[in-house]
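> missing the sequence, but the structure's below:
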């Protein structure tokens, strides 16, 4: 019983780590794609 609980908990922790890394890299990729143009648009709008 204890071994089953530990193995399921370990799988759950590994899944949480993988999902958090995937979300972090996805948000960085989105920022890399859209970041500079968005900043430039804000600077252009503030100059007007």
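Now that the structure is in, tell me what you want to look at. Computed from a predicted model, the values in this text were never measured in an experiment.
> how about the helices in the chain?
Assigned by DSSP state H, the chain shows helices spanning 2-47.
> got any ranges where it has weak pLDDT?
By pLDDT under 70, the low-scoring segments of the chain are 26-48.
> same thing but 80
For the chain, applying pLDDT under 80 flags the ranges 22-48.
> what about residue 9, how many residues close to it?
For residue 9, the neighbour count with other C-beta atoms under 10 Å is 10. In this view, the C-beta of every residue, glycine as well, is placed from N, C-alpha and C.
> if I look at it, how far off is residue 2?
From residue 9 over to residue 2 the distance is 11 Å, taken as C-beta to C-beta, to the nearest Å.
> cool, and residue 8?
Per C-beta to C-beta, residue 8 is found 11 Å from residue 2.
> quick one, which of those two is more surrounded?
Set residue 8 next to residue 2 and count neighbours by other C-beta under 10 Å: residue 8 wins out with 10 against 6.
> relative to residue 12, how far out is residue 21?
The value you get for residue 21 to residue 12, if C-beta to C-beta is used, is 15 Å.
> ok, residue 18 next?
11 Å.
> same question for residue 2.
Here residue 2 is placed at a distance of 16 Å from residue 12 (C-beta to C-beta).
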